[in-house]
Structure formats: structure tokens, C-alpha cells
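Asks: this one's structure only:
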């Protein structure tokens, strides 16, 4: 095969566009190319199917083209390749998303791990400044799908099932939010109350309070007082003290 990055990336495109199953072994080899850029040829113009037009094409573009090409195939054709590359930095979640069409349960631990890794900076920010970035900041695209998929799974479980230790990492991965204006935060909070997971609800509420108390944030402009009332209403609905006994500073 031609060693030119532009040509190899174009080959990956062609295999994907044509869905040429006989060339899947070639596509797998192309996908194994490092996703970290190496030297590029002198201005070879090429329109990559995933990322638009590039003035230079390097090894990372070969990897990207091959990844998008693999996603064009049916799962029964490329499932083995997907499963062998679940930890791929750029395509792992996209592969899981396709595989999950046949059942998400086997991939829940991987989703939880990916979410925790992805949001580690949020936790570091919280430790340093006392609040997380809004959940929507971290949960775009495939990460949003991962969070929603985990939440959908745990929401369907009984209290007894949720007490199983294997559920702990899934619940931990969900509990990365503390933005009172975010619908996911509210859904997670009410879920904890519904399932009697009061300790987790308290931890989440503490995070919300830390965020609303940050001096760099104008409470009124973010409508925090009104948002917090909605949490108080959820507390009352479950016969709990509004604020779960925690104090919100003025």
C-alpha cells in the first residue's frame, strides 16, 4: 500500500463509502495507525469524511478516516473490531454506542470508567474552587449519550439491585453534576430521593450549595434562588426537610 498519509486516508474513506467488506482487514490495519500526528507530506489536499478539509494529512488523519469508515459498516460485520478497540481515545465510545444496539449491559462498566476519566478535570476544579463546571460542559455528544445511558439503566433498577456493590461505580460516574439549573442534575437528585439514597442526595446537594456560594458567580443572574426552590420542593415531596438540613448562604 502507498505510504503517503493522504493516499492511505483516502483508501480508508473509499472502503467505508463503498462498504467493501472484503477490505475490512485492510481497514483494520489503517485504523491501527497512530492517532498522534506524525510528519505530513507537502500540502496534499484531501477532504476527510470525519473532519472536513485538511491542508496536511498525517497518521492521525489515517486513524480518523479509518474510524469513520468502520462506523459505516453494520455491527455484525465489524463488531469484533469494535470490541478490540473499546479503549480507543477517539472512537471507543462511538464503537460502544454502535455495539449497544444489541444490549448495553456489557458496556456499562466501560461507560462509567470513560465518564470518570473524562470529568476528572471537573472534580479537580471542584476541589480547587469549590464547584464543578456545569454538567452540560462535559456531556456533549457521545459523553452525553454515555451519561444518559447509565442513568437510564440505574433508574430502572430496584432499591435492592442498587444496593449491590457492582452498581457503585455506575452511581459514582453519574454524580458529577452540581449545577442546579441543569435538568440532568435535577433528575439525578430526584432519583436519589425516590430510591432512598439520602446520603448521595446530601452529597449532591452539598455540591450544589458550593456552586451557588462561589463568589465569582452572580446568584441572581444565574437564577439560583429559583432553581434551589425546585430542589426544596423535591425534598418536601419526599417528606424531608427542605435543603436536607444543609444551609445555603445568602
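Replies: Thanks, I have it. The structure displayed is predicted, hence computed values, not measured ones.
Asks: quick one: mean pLDDT for stretch 238-248?
Replies: Averaging pLDDT along stretch 238-248 yields 78.
Asks: what's the distance between it and the middle of its chain?
Replies: 31 Å (CA atoms, centre = their mean, to the nearest Å).
Asks: name the residues that touch that stretch?
Replies: 193-194, 198, 201-202, 205-206, 209, 212-213, 228, 231-232, 235-236 (CB atoms under 8 Å, 6 or more residues apart in numbering). Yep, even glycine has a C-beta here, placed from its N, CA and C like the rest.
Asks: again, 6 Å this time
Replies: 193, 202, 205, 209, 232, 235-236 (CB atoms under 6 Å, 6 or more residues apart in numbering).
Asks: of those residues, closest to residue 145?
Replies: Closest approach to residue 145 among the contacts of stretch 238-248 (CB to CB): residue 193, at 25.2 Å.
Asks: how close does that closest one get to residue 202?
Replies: Shown here: residue 193 relative to residue 202, a distance of 10 Å by CB to CB, to the nearest Å.
Asks: so how far is residue 110 from residue 31?
Replies: From residue 31 across to residue 110, the span is 19 Å (CB to CB).
Asks: more neighbours, these two?
Replies: For the pair residue 31 and residue 110, the greater number of neighbours falls to residue 31 (25 against 16), based on other CB atoms under 10 Å.
Asks: so the residue lying closest to the more buried one once chain neighbours are set aside is in which element?
Replies: Nearest non-adjacent residue to residue 31, counting by CB to CB, 6 or more residues apart in numbering: residue 66, 3.8 Å away. Residue 66 is part of helix 59-71 when elements are defined by DSSP states H and E.
Asks: list the residues that contact residue 169.
Replies: Shown in contact with residue 169 (CB under 6 Å, 6+ apart): residue 112.
Asks: doesn't it lie inside a strand?
Replies: No: looking at residue 169 with DSSP: H, G, I helix; E, B strand; the rest coil, it is helix, so not inside a strand.
Asks: quick one: pLDDT of it?
Replies: Looking at residue 169, its pLDDT stands at 95.
Asks: returning to what we had before: residue 193 and residue 202 - which one has more neighbours?
Replies: More neighbours surround residue 193 than the other of residue 193 and residue 202, with 21 against 16 (other CB under 10 Å).
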